[in-house]
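J.: heads up, no residue letters with this:
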């Protein structure tokens with residue numbers, strides 16, 4: 001196959017629109033994420049396991065951003081693991097980073113065993129609500145990033161523009177979709193797969209099930225205090241709904257509101 005080199009994202013976008021008109025009609029965004037082995041090696045060299053462990057839950061924390069390269073086989077889990085161990089004197093300092101790699105391996109092994117079963121609820125919901133209480137389709141205001149919640153709309157914008165979201169943002173978004181809007185997790189999982197450069201059915205679907213509580217012992221959800229803490233308040237400071245948004249209140253209050 002002849003290789004095409006593009007001088008800019010605009011040239012690439014024009015090429016994609018011409019060659020893949022139907023797909024471009026749905027979404028013509030070109031991610032700024034650079035592919036290839038050289039970029040993957042740069043990211044491998046920057047791995048800092050202790051900093052990762054201390055800051056990974058913050059949106060500006062020290063995360064590797066290796067997931068697209070792992071997803072497409074540019075880097076293997078073994079390579080990432082060995083690199084992480086090489087960066088520390090005591091292997092336990094790399095434990096948190098390697099544990100996250102192990103989750104990816106675990107999801108893949110489950111997928112190999114379950115096959116299409118990952119699209120189905122693995123367990124009953126732990127929310128006290130029947131499956132029929134959840135909508136089957138993702139509402140347009142969520143998919144288009146116009147919910148009015150600055151955080152959620154920003155997550156959608158970043159996802160569509162870059163093909164990437166920080167893992168914590170993925171969890172908040174999934175919780176909003178499933179628990180605050182009562183939409184079936186499959187609808188959100190499909191939405192993620194249609195945009196994520198690192199999206200694979202195993203990690204994506206089983207993580208959504210973990211949030212939904214069909215593959216965990218309880219539902220995952222958050223409040224504004226949690227989101228504000230790990231985003232340094234970047235969304236809440238400019239949100240017109242601050243003080244009256246869906247995420248206001250203690251966990252006890254939200255649990256009473258969301259679940260039976």
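T.: Looks like it came in fine. Remember, predicted model here, so these are calculated numbers, not experimental data.

J.: hey, let's count contacts and neighbours off CA atoms from now on
T.: Fine.

J.: what residues are up against residue 139?
T.: Contact analysis of residue 139 by C-alpha atoms under 8 Å, 6 or more residues apart in numbering lists nothing.

J.: what's the distance between residue 17 and residue 151?
T.: Residue 17 is 30 Å from residue 151, where distance means C-alpha to C-alpha, to the nearest Å.

J.: more neighbours: which of those two?
T.: residue 151 (23 against 16; other C-alpha atoms under 10 Å).

J.: wait, isn't that one in contact with residue 235?
T.: Yes. Applying C-alpha atoms under 8 Å, one finds residue 151 in contact with residue 235, separated by 5.3 Å.

J.: how about residue 230: what's its closest non-neighbour residue?
T.: In space, residue 230 comes closest to residue 58 once its chain neighbours are excluded; the distance is 4.5 Å by C-alpha to C-alpha, 6 or more residues apart in numbering.

J.: is it true that that neighbour lies in a helix?
T.: No. Secondary structure assignment places residue 58 outside any helix; it is coil (DSSP: H, G, I helix; E, B strand; the rest coil).

J.: the spatially closest residue to residue 117 that is not a sequence neighbour: neighbour count?
T.: Using C-alpha to C-alpha, 6+ apart and skipping the chain neighbours, the partner closest in space to residue 117 is residue 111 (8.0 Å). When neighbours are defined as other C-alpha under 10 Å, residue 111 has 18 of them.

J.: now do residue 243
T.: For residue 243, using other C-alpha under 10 Å, the count is 12.

J.: got any ranges where the stretch 151-260 of the chain has weak pLDDT?
T.: Applying pLDDT under 70 to the stretch 151-260 of the chain flags no residue at all.

J.: and for the stretch 1-150 of the chain?
T.: Applying pLDDT under 70 to the stretch 1-150 of the chain flags residues 1-9, 12-13, 15-16, 19-20, 23-28.

J.: the strands in it, which residues?
T.: For the stretch 1-150 of the chain, no strands are identified by DSSP state E, counting those that start in this stretch.

J.: what ranges does it have for its helices?
T.: With DSSP state H, counting those that start in this stretch as the criterion, the stretch 1-150 of the chain has helices at 9-19, 21-26, 37-45, 49-55, 67-71, 77-86, 95-114, 140-143, 150-162.

J.: now swap in the stretch 151-260 of the chain and tell me
T.: Ranges of helices in the stretch 151-260 of the chain, per DSSP H, counting those that start in this stretch, are 167-175, 185-193, 201-212, 224-231, 251-258.

J.: how about the second one: buried residues?
T.: Translated: helix 185-193. If you call a residue buried by 16 or more other C-alpha atoms under 10 Å, then helix 185-193 has these buried ones: 185-190, 192-193.

J.: report the two of the residues you listed separated the most.
T.: Using C-alpha to C-alpha, the buried residues of helix 185-193 span at most 12.3 Å, a distance reached by 185 and 193.

J.: in stretch 205-220, what's buried?
T.: By neighbour count on 16+ other C-alpha under 10 Å, the buried set for stretch 205-220 is 205-216, 219-220.

J.: return the member of the residues you listed nearest to residue 124.
T.: Of all the buried residues of stretch 205-220, residue 214 has the smallest distance to residue 124: 5.5 Å, by C-alpha to C-alpha.

J.: what residues does the closest residue to residue 189 other than its chain neighbours make contact with?
T.: Nearest residue to residue 189 in three dimensions, chain neighbours excluded: residue 205, at 5.9 Å (C-alpha to C-alpha, 6+ apart). With contacts defined as C-alpha under 8 Å, 6+ apart, residue 205 is in contact with 118-119, 186, 189.

J.: next: residue 73.
T.: By C-alpha under 8 Å, 6+ apart, the contact set of residue 73 is empty.
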